[in-house]
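A.B. asks: Below are the sequence and a predicted model for it; my questions follow.
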Amino acid sequence: MTEPVREDDLHAYVDGALAEARRLEVEAWLAAHPDDAARVQAWAGQNQALHAAFDGVLNEPLPIDLVRAARRQPAHMPYKAVAAALALVASGLIGYGVGQRADQPMPAPLHFARDAAIAHAVFSPEVRHPVEVDAAHAAHLVSWLSKRIGTQLKAPDFGALGFELLGGRLLSDESGPVAQFMYQDARERRVTLYVRRAVAGNRETAFRHVTENGVEVFYWIDRDFGYALSGQIAHADMQRLGDAAYQQLVGKEAAAD
Amino acid sequence: MRARPDLIEHLPRLRRYARALTGDAARADDLVQDTLERALAKLDLWQPGSDLRAWLFTLMHNLFVNQLRARRPQDTALDEALEIPVSGGQMEALAARDLHAALARLPDEQRAVILLVGLEQFSYAEAAQVLGVPAGTVMSRLARARERMRQMLAGEPAVQLKVVK
C-alpha cells in the first residue's frame, strides 16, 4: 500500500533524497496534484537560482590570505601537533608558518617569494585539478590571465629543458590578481611561475633565490610586475629553469646573487 | 601520528556558503578566515575519518551565530512578524524579485537551511549536524524558507504588508 505523500516527501523529492520507489510514487502524486507540482517546481527553481547566483564564487581566485590562513599552524600547538607539523616539513610537502611567526612583518619581496612558494605547495601536488585552464587552451589561458593581471603576460617556453606548460590558474592576494602557470616534465615533476603586480616602492630587484620550507624560489621584479618560479626539484634544474624564465621574460642574462 | 587534513580544498565551498549567508563578499571572507583559525585551533577535536567538510561548516555556523548575537543583543522575531508599511502602488516595486534580496529577508536560521540543502547539497542529516538541531527542525525550517522564498520571488507579499495611504 502506498503511503500518503507528505510535505517532507515533496522537499525530499526536490533534493533528490528519495529512494527510487518512493520517488516514482511522489511523481505519480504530483501528476495528479498540480498545486503541489507547482510548488515543487518553484522550489527546484530556487535551488537552480542559488547555484546560478553563487557558483561563480567557486571559480573566483582564492585570496592568498585565506590560503595562508588554511596553512598556518595554531599559535600554541600541543606537542603532538608540533611533531606532526615538523614531520610534514621534513617530508618536504607543506608546513608553512612553522618557521616564521605569522604576525611578523616581512620585507615585501620575501613576502612575495613566500606567497609564491605557498601557492606552489598548494597546487602542484593536485592530481585532479592542478590548473583551472589547461595548456590545450594555452592562447586563451594567456589572454585570460593577461586581462586579469592587467598586462600582456607571456608563459615562458621551457620545452628545451623538458618542461611543458600544463596550464594555469588565477589567484589573488593583497596586491590584486595573481597568475600561476604550471609546468611539468616527463617525470611529472612540476614547477610554477607566479606573476603579480609589484607592490609600489619595489620597482626592481635582482634575480634572487630563496628556499621556503623546501620549495626553491627564484624571483625578480621587472618594472611593474613580480615573477617567482617555484619548484622542489634538483637545484641545478631549478637554476636552469630560472635562468631561462628570466632571459625570456626580461630579455637579458640572469645574474643570481 | 596523524596527518594534517587539507583545509585548502574546502575553501571554495566555504567561501560560497559564507557569501550567500552574509550577502557580503568582505564579511564572508572574514567569516571564512575566522573559521580557518578556529579549525586550526581545534583540529585535535576533529575525528579523523569523519566528514571534515561538515565539521568546518559547523564551526562556521557557530561563528556566524555568535556574530549575530554580538550584533543584535536581543533577537528580533523576524521570523514571526515583519510588517513593512507601504503604499498600495508600491506593492509591485517592493516585491522581492531579486534572489539576493529575498535571501537577505529570510530569517537567518531559515537562510542557513535553504543554503546548506539547496546550494551546498548537504543531506538533511548533515544539515542537522551542522546546525546542531534535530532533523525535524531542519525540515520545518526548510519548508518555511522555501515557501517564503517562493512567495517573495513570485512577487506575492510573503509577509503581512500594512497598506498605508
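C.D. replies: On my side now, so go ahead. Numbers count the residues shown, from 1 in each chain, chains lettered A, B, ... in the order given.
A.B. asks: low-confidence ranges in the chain?
C.D. replies: No chain specified, so I'll use chain A. Where chain A drops to pLDDT under 70, the residues are A:1, A:72-110, A:126-131, A:174, A:199-205, A:253-257.
A.B. asks: To clarify, I was referring to chain B.
C.D. replies: In chain B (pLDDT under 70), the answer is B:1-5, B:72-97, B:155-165.
A.B. asks: hmm, try it at 90
C.D. replies: B:1-13, B:40-52, B:67-101, B:152-165 (pLDDT under 90).
A.B. asks: Now do the contacts for A:G162.
C.D. replies: Applying C-beta atoms under 8 Å, 6 or more residues apart in numbering or on different chains, we find A:G162 in contact with A:D185, A:A186. Using the backbone N, CA and C atoms, a C-beta is placed for each residue, glycine as well.
A.B. asks: At the geometric centre of chain B, which residue sits there?
C.D. replies: B:A112 (2.4 Å; C-alpha atoms, centre = their mean).
A.B. asks: what helix or strand is that residue on?
C.D. replies: helix B:108-118 (DSSP states H and E).
A.B. asks: Say whether chain A is contacted by that helix.
C.D. replies: Yes. Contact of helix B:108-118 with chain A is found when judged by C-beta under 8 Å from any C-beta of the partner chain, involving B:I114, B:L115, B:V117, B:G118.
A.B. asks: pretty sure the third one is touching B:L142, no?
C.D. replies: Yes. Under the criterion of C-beta atoms under 8 Å, B:V117 makes contact with B:L142 at 5.9 Å.
A.B. asks: from what I can see A:A179 touches A:G167, true?
C.D. replies: No. Assessed by C-beta under 8 Å, A:A179 is found out of contact with A:G167, at 11.2 Å.
A.B. asks: residue boundaries of the helices in the chain?
C.D. replies: If you meant another chain, say so; for now it's chain A. Using DSSP state H, the helices found in chain A span residues A:7-14, A:20-32, A:34-54, A:64-71, A:79-90, A:108-123, A:138-149, A:235-250.
A.B. asks: wait, chain B
C.D. replies: Here chain B has its helices, by DSSP H, at B:11-22, B:25-41, B:52-71, B:91-94, B:99-105, B:108-118, B:124-131, B:135-153.
A.B. asks: Dump these to JSON lines, plus distance to A:L229.
C.D. replies: Shown next, in JSON lines, are the helices of chain B (distance: least, C-beta to C-beta, whole Å):
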{"stretch": "helix B:11-22", "distance to A:L229": "24"}
{"stretch": "helix B:25-41", "distance to A:L229": "28"}
{"stretch": "helix B:52-71", "distance to A:L229": "32"}
{"stretch": "helix B:91-94", "distance to A:L229": "56"}
{"stretch": "helix B:99-105", "distance to A:L229": "41"}
{"stretch": "helix B:108-118", "distance to A:L229": "40"}
{"stretch": "helix B:124-131", "distance to A:L229": "41"}
{"stretch": "helix B:135-153", "distance to A:L229": "49"}
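A.B. asks: Relative to A:E27, which of these is closest?
C.D. replies: helix B:135-153 (18.9 Å; C-beta to C-beta).
A.B. asks: That closest one: which residues count as buried?
C.D. replies: B:138-153 (16 or more other C-beta atoms under 10 Å in any protein chain shown).
A.B. asks: contacts with chain A among these, please.
C.D. replies: Counting by C-beta under 8 Å from any C-beta, the members of the buried residues of helix B:135-153 that reach chain A are B:M139, B:L142, B:A143, B:R146, B:E147, B:M149, B:R150, B:L153.
A.B. asks: closest point of the stretch 151-257 of chain A to chain B, which residue?
C.D. replies: Residue nearest to chain B within the stretch 151-257 of chain A (C-beta to the nearest C-beta): A:S172, separated by 10.4 Å.
A.B. asks: how many neighbours does the nearest residue to that residue once chain neighbours are set aside have?
C.D. replies: Spatial nearest neighbour of A:S172, excluding adjacent residues (C-beta to C-beta, 6 or more residues apart in numbering or on different chains): A:P61 at 4.0 Å. Neighbourhood size, A:P61 [other C-beta atoms under 10 Å in any protein chain shown]: 17.
A.B. asks: same deal with A:H120?
C.D. replies: When neighbours are counted by other C-beta under 10 Å, A:H120 comes out with 26.
A.B. asks: wait, doesn't it sit right on A:G214?
C.D. replies: No. Counting by C-beta under 8 Å, A:H120 does not reach A:G214; the two are 10.4 Å apart.
A.B. asks: Specify which residue of A:A179 and A:G167 has the higher count of neighbours.
C.D. replies: In this view A:A179 and A:G167 are compared by other C-beta under 10 Å, and A:A179 has more residues nearby, 25 against 21.
A.B. asks: Okay, and the beta partners of that one?
C.D. replies: Residues in a beta bridge with A:A179, per DSSP bridges, are A:L170, A:V195.
A.B. asks: now, among the residues of helix B:108-118 next to chain A, which is nearest to chain A?
C.D. replies: For the residues of helix B:108-118 next to chain A, the residue nearest chain A by C-beta to the nearest C-beta is B:G118; the value is 4.3 Å.
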